[in-house]
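J.: One predicted model, sequence on top.
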Amino acid sequence: MAHAKTSYVCLPCRASYKQPYHGDHDRLCPRCAEPLIHVGSAFAPPRRRDTAAWRTLSVLLNAGVRFHKNCCGGPGHRPRTLGEVRERAACARRTGEPFARALVRQELP
């Protein structure tokens, strides 16, 4: 049986690739040869020309947030705009909660 495919992203090229997951070996972007980031099987990429969405995605990925399916189906809540990211960053500073956890929280306190 074939392995299920999962998504990999190249932030400089703003490109997403679905490939089989065969462990933690590095994969390179076919366009620029930079390392791809494994983002998970529940990832839906923004359009290439939507630079604001790619900036938001970059913040999420650099914070360690990924898009893996959980037991209930999808990856859960993920901020879609830089405004949401700023709001959650302020909440994390105010409460002392780790930034990555504040980003994926369903509701803010």
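T.: Ah, there it is.
J.: my guess is Tyr21 meets Thr6, correct?
T.: Yes: using C-beta atoms under 8 Å, Tyr21 makes contact with Thr6 at a distance of 4.6 Å. Just so you know, the C-beta spots here come from the backbone N, C-alpha and C atoms, and that holds for glycine as well.
J.: who touches both of those two?
T.: Residues touching both Tyr21 and Thr6 (C-beta atoms under 8 Å, 6 or more residues apart in numbering) are His38.
J.: Which residue of those two possesses the greater neighbour count?
T.: Using other C-beta atoms under 10 Å, the more surrounded residue of Tyr21 and Thr6 is Thr6, with 19 against 15.
J.: What are the buried residues along the host helix or strand of the more buried one?
T.: For Thr6, the host element (DSSP states H and E) is strand 5-10. For strand 5-10, the neighbour count (16 or more other C-beta atoms under 10 Å) marks Thr6, Ser7, Tyr8, Val9, Cys10 as buried.
J.: Between all of those residues, which two are at the greatest distance?
T.: By the measure C-beta to C-beta, Thr6 and Cys10 form the most distant pair in those, at 14.6 Å.
J.: follow-up on the earlier one: can I get the buried residues of strand 5-10 in CSV including distance to Ala90 and pLDDT?
T.: Converted to CSV, the buried residues of strand 5-10 look like this (distance: C-beta to C-beta, whole Å; pLDDT from 0 to 100):
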residue, distance to Ala90, pLDDT
Thr6, 32, 89
Ser7, 29, 92
Tyr8, 31, 94
Val9, 26, 96
Cys10, 30, 96
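J.: For Gly23, give me its contacts.
T.: Under the contact definition (C-beta under 8 Å, 6+ apart), no residues are listed for Gly23.
J.: where does this protein dip in pLDDT?
T.: Confidence mapping of the chain against pLDDT under 70 gives the ranges 1-3, 70-76, 108-109.
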